[in-house]
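1. Return atomic coordinates for the entry below.
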Amino acid sequence: MQRGNSAASRDIAFHLHPYANYRKLERDGELLIVKGKGVKVWDEAGKEYIEGCAGLWCTALGFGEERLAEAAANQIRKLSFYHSFHHKSHEVVAELAERLIGMMPVKMSHAFFNNSGSEANDTAIKIIWYYNNARGRPRKKKIIARYKSYHGVTVATASLSGLPNNHKSFDLPIAGIRHADCPHHYRFAHAGESEEDFATRLAENLELMIQREDPDTVAAFFAEPVMGAGGVIVPPRTYYEKIQSVLKKYDVLLVADEVITGFGRTGKMFGTETFGLKPDIITVAKALSSAYLPISATIVNDAIYQAMADESSKIGIFAHGYTYSGHPVCCAVAIEALKIYEERNILAHVQKVAPRLQEGLRRFASHPIVGEVRGVGLVAAVELVGDKASKAPFDPGLGAGNLLNANLYKHQIGDAMAFSPPLVVSEAEIGDMLDRFGKALDDTEAALAPRQSDPLRA
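-> Okay, the predicted model is just below:
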């Protein structure tokens, strides 16, 4: 690990990292990034990496976009902070709200601003509960997410997330959260089951769950159009059509978690368009400001807004908000990012370069340690398996994922098996990324061979 008075050693000594194994961090050290430009970043030793996951799926316009820096600086000089509590506001948040409502893929009414995707989804949960109380339905509060979904890390959104590590030792999930089937055909379909039949079975299972829970107690269903942190899981054909039919039948709200998929990632401006969703609530974050400043939004349709407005009049207030909700500097950067998406026709660029990523990755499908390659637009994943025929994963003790990570860093990709490059990535840069990934994959296969024959070497 890094020693002495380096930034890395001080970071390890004083910084409580998110998503970390602290003893491993103390023992092995960290990768300290000091500079970024375009789709590349550099560490403290000057080594260059292609940032193949746009940071955390978020730096859509790449690093070092001067227009966003200027937007922040200009707003700081004009109005560095103001809030929108207690009937106050400022012009920047009004402009951003209007822009967002105008670009929504389905008719929406109002936008509430938060600081992160987790908070956007947490706010959605509170709005759902508030809405059903306003409707005189105090029992209709349970929320369904899906196994392997990711919706955040607050107490409520970590409960929604269908990933065991988000629950272990945190005493989660909280009451009232349920998890439906994961729509991953490769991993969970029955032998010989088509995508359409798999989708039908999952919709039937969802209906059985709602009936078992009592429809009068089930309030909402959360869905990422493409499941991100759970493995870049693209839904099977007809899945959302069938799921939405069940939700409509039992008056269950649909929340589209567009935190990763929003603003062009799937080849459409929103994943909602890509997969034909008709949500009641949409949450966005990440690419909203290209991650230059923290901001997110929870966007509701008019039926929900009207009920909220009536309830706030009845009880005197909608008592929810954050100090930095609609922060003027964050809003100014988000407005500029949205302008850039439009002016530079980023969506057309994504549509042009996405086939290079998807087709390039699919050439690895025949690799001995690759089980499935999946994706859409500029988001994809390569899943490693220990046995292609049975789809059996590698024994965790072999450390296949850690090996691939190490080899990816050696070949200068700051990414593991998920791919979500900045939307401004060029075809040449995608080609470079794919070449480096191929070398890392071959090195991983070679390193795993002796470990599989002698697990004690793992």
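2. For the stretch 201-350 of the chain, which segments count as helices?
-> All helices of the stretch 201-350 of the chain, identified by DSSP state H, counting those that start in this stretch, fall at 239-249, 271-274, 302-315, 328-343, 346-362.
3. Tell me how many other residues crowd the closest residue to Leu288 other than its chain neighbours.
-> Distances taken as CB to CB, 6 or more residues apart in numbering put Ala334 closest to Leu288, at 5.1 Å, once the chain neighbours are dropped. In this view, the C-beta of every residue, glycine as well, is placed from N, C-alpha and C. For Ala334, the neighbour count with other CB atoms under 10 Å is 31.
4. Next, work out how far apart Ala334 and Gln75 are.
-> For Ala334, the distance to Gln75 (CB to CB, to the nearest Å) stands at 11 Å.
5. and what of Ser366?
-> For Ser366, the distance to Gln75 - CB to CB - is 51 Å.
6. Common neighbours of Ala334 and Gln75, please.
-> Counting by CB atoms under 8 Å, 6 or more residues apart in numbering, Ala334 and Gln75 have no contacts in common.
7. Could you save the helices of the stretch 201-350 of the chain as TSV and add columns showing mean pLDDT?
-> TSV is the format used below for these (pLDDT from 0 to 100):
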stretch	mean pLDDT
helix 239-249	98
helix 271-274	98
helix 302-315	98
helix 328-343	98
helix 346-362	98
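8. Which of those sits closest to Gly46?
-> Of all the helices of the stretch 201-350 of the chain, helix 346-362 sits nearest to Gly46, with 27.5 Å by CB to CB.
9. The closest one to helix 328-343, inter-axis angle?
-> Here helix 346-362 runs at an angle of 80 degrees relative to helix 328-343 (axes from the mean of the first three to the mean of the last three CA atoms, to 10 degrees).
10. Which elements pack onto helix 346-362?
-> Judged by 3 or more CB pairs under 8 Å, 6 or more residues apart in numbering; DSSP states H and E, the packing partners of helix 346-362 are strand 370-376, strand 379-384, helix 427-453.
11. what's Gly267 sitting at in phi/psi?
-> Note on Gly267: backbone dihedrals following degrees, to the nearest 10 are phi 100, psi -10.
12. how about the helices in the stretch 51-200 of the chain?
-> Taking DSSP H, counting those that start in this stretch as the criterion, the stretch 51-200 of the chain contains helices spanning 54-57, 66-78, 91-103, 117-134, 155-160, 185-188, 195-213.
13. Surely Thr59 touches Ala291?
-> Yes. Using CB atoms under 8 Å, Thr59 is in contact with Ala291, at 4.8 Å.
14. Neighbour count: the two, which is higher?
-> Counted by other CB under 10 Å, Thr59 and Ala291 do not tie: Thr59 has more neighbours, with 26 against 23.
15. Arg10: neighbouring residues, count only.
-> Neighbouring residues of Arg10 were enumerated by other CB under 10 Å; the total is 12.
16. State the helix or strand in which it lies.
-> Arg10 is part of helix 7-14 when elements are defined by DSSP states H and E.
17. Just the buried positions in that helix, please.
-> Buried residues in helix 7-14, counted by 16 or more other CB atoms under 10 Å: 8-9, 12.
18. again, but for stretch 197-206
-> 198-203, 206.
19. Just want the most central residue of this structure.
-> Nearest residue to the geometric centre of the chain (CA atoms, centre = their mean): Ile260, 3.6 Å.
20. In contact with that residue, which residues?
-> 57, 224, 226, 228, 286, 379, 420 are the contacts of Ile260 under CB under 8 Å, 6+ apart.
21. By mean pLDDT, which helix or strand of this structure comes out lowest?
-> Taking mean pLDDT, DSSP states H and E as the measure, the helix or strand of the chain with the lowest value is helix 400-410, at a mean of 68.
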